[in-house]
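# could you work out the structure for the sequence below:
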Amino acid sequence: MRQGEIFGLLGPNGAGKTTTIGVITTRVRPTGGRVLVDGLDVTTDQVAVKLRLAVVPQRPNLDRSLSALENLTFHAAYFGFSRRARRERALELLEQVGLQGRENDRVDQYSGGMAQRLIIARALIHRPQILILDEPTTGLDPQSRLFLWDTMRDLQAQGTTLILTTHDMAEADQLCERIAIVDHGEVIALDTPRGLRRLLPSERGVEVVVVAQGDAGAPGAAGPAGGTAGPAGDPAPSGDDPATAIGRVPGVERADVVSAAEGRTTVRAYGAVEAGDLVAGLAAAGLRLVELRQLEGSLEDVFVHLTGRELR
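Numbers count the residues shown, from 1 in each chain. Sure thing, here's the model as predicted:
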């Protein structure tokens, strides 16, 4: 993993994500090979490794009978902070995660989102170089989730390396620069989100929005029969509906209408579609291209393609 990146670790249940994190954090002894954290071996340099990283666990493990401030100062004592430094660092982090003014409230009065922010603050007490987050936004409302996303991006901007495990493919797509997909204890794919999407074997194509050539000031005038006359010397438009017209374009395997309203029709065309052929085919049908975008499968499509649909 590269310093200062947000690295995604994805995989089905039982794929090996938890074991991988256990090895990195020195809780699980590797059965082979070597794992280095900032050049330190997780087997022989455990104390030094632990000082360089922190974990935000999937399940909250705060002391709910204590206040937020007490939770943080108690944790800071493990890292040798003086009494005064503990309080200063705790208050600094509570402000960073948006809990200022609630530092003296007992944790059992906190919402799920507030508790998760406090767990992140606790993990940051000793300024770790690497932060491991195990499904940190599970069960959170959209506001709390977006706040945590912003917090992760801020930490990355400060030079912290983040390792994120999540079952939320959109979250991984939004946050991660690179993603490893693991299954049966092995990395089966490693790339950027866009690079992973290129692994999909199908769903190449485009989505287009078309209108009749006479609409919205398009060139061409109504002919005697109510059709649209093309430029001089061109054949008259065929009058095909958009999906049929696009389906005739070379390279198009299938064309489906997605929506049609107010004279605009959105069509998805699958296959190896060339823009020039598409424009020519539309013009022959008396249609004008308004919008065009490349179709791209989702990260979830890639995940299912690589790991299968079977329940684990």
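# got the contact list for residue 242?
210, 255, 257, 265, 267, 282, 285, 287 (Cβ atoms under 8 Å, 6 or more residues apart in numbering). Backbone N, C-alpha and C define where each C-beta goes, glycine included.
# what do you get for residue 145?
Shown in contact with residue 145 (Cβ under 8 Å, 6+ apart): 137, 171.
# now it, what's its secondary structure?
helix (DSSP: H, G, I helix; E, B strand; the rest coil).
# cool, and residue 296?
Three-state assignment for residue 296 (three-state DSSP): coil.
# tally up the residues packed near residue 312, please.
10 (other Cβ atoms under 10 Å).
# ok, it to residue 43 distance?
Computed as Cβ to Cβ, to the nearest Å, the residue 312 to residue 43 distance reads 29 Å.
# which of the helices or strands spans residue 55?
strand 53-56 (DSSP states H and E).
# mind listing what's buried in the helix or strand just after that strand?
Where DSSP H and E defines the elements, the next helix or strand beyond strand 53-56 is helix 68-77. Going by neighbour count (16 or more other Cβ atoms under 10 Å), the buried part of helix 68-77 is 68-73, 75-76.
# dump the residues you listed to CSV, plus distance to residue 297 and pLDDT.
Below are the buried residues of helix 68-77 laid out as CSV (distance: Cβ to Cβ, whole Å; pLDDT from 0 to 100):
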residue, distance to residue 297, pLDDT
68, 43, 98
69, 47, 98
70, 48, 98
71, 43, 98
72, 43, 98
73, 48, 98
75, 43, 97
76, 46, 97
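# can you pull out the strands in the stretch 151-300 of the chain?
Under the criterion DSSP state E, counting those that start in this stretch, the stretch 151-300 of the chain carries strands at the ranges 161-165, 178-183, 186-191, 205-212, 252-261, 264-271, 287-294.
# can I get the first one as CSV, trimmed to CA atoms?
Coordinates of the C-alpha atoms in strand 161-165 are reproduced here as CSV (Å, rounded to 0.1, in the frame of the first residue of the first chain):
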residue,chain,number,x,y,z
THR,A,161,-2.7,6.1,5.0
LEU,A,162,-6.2,4.6,5.3
ILE,A,163,-7.2,1.0,4.8
LEU,A,164,-10.9,0.7,4.3
THR,A,165,-13.0,-2.5,4.4
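# for it, which strands pair with it and how are they oriented?
strand 6-10 (parallel), strand 130-134 (parallel) (DSSP bridges).
# quick one: closest of those to residue 161.
The closest of the strands paired with strand 161-165 to residue 161 is strand 130-134. By Cβ to Cβ, the value is 4.7 Å.
# about what we covered before: could you dump the contacts of residue 242 to CSV with neighbour count and distance to residue 130?
As requested, the contacts of residue 242 are exported to CSV (neighbours: other Cβ atoms under 10 Å; distance: Cβ to Cβ, whole Å):
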residue, neighbour count, distance to residue 130
210, 26, 50
255, 23, 48
257, 14, 49
265, 21, 51
267, 25, 47
282, 23, 53
285, 22, 57
287, 28, 54
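# which one of those is nearest residue 308?
residue 255 (29.6 Å).
# next up, the contacts around that closest one.
242-244, 246-247, 267-270.
# now restrict those to buried residues only.
Buried among the contacts of residue 255 (16+ other Cβ under 10 Å): 242-243, 246-247, 267-270.
# so can I have TSV of these showing distance to residue 144?
Formatted as TSV, the buried ones among the contacts of residue 255 follow (distance: Cβ to Cβ, whole Å):
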residue	distance to residue 144
242	43
243	43
246	43
247	46
267	39
268	35
269	40
270	38
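# relative to residue 199, how far out is residue 302?
Separation of residue 302 from residue 199 (Cβ to Cβ): 6 Å.
# who has more neighbours, the two?
residue 302 (24 against 15).
# grab the nearest non-local neighbour of the more buried one.
residue 196 (4.8 Å; Cβ to Cβ, 6 or more residues apart in numbering).
# check residue 57 too.
That would be residue 134: by Cβ to Cβ, 6+ apart, it lies 5.6 Å from residue 57.
# what's the spacing between that neighbour and residue 8?
12 Å.
# now do residue 77
33 Å.
# also residue 141?
22 Å.
# more neighbours: which of the two?
Just comparing residue 141 and residue 8: by other Cβ under 10 Å the higher neighbour count belongs to residue 8, 25 against 12.
# that one bridge partners, please.
Beta-bridge partners recorded for residue 8 (DSSP bridges): residue 164, residue 179.
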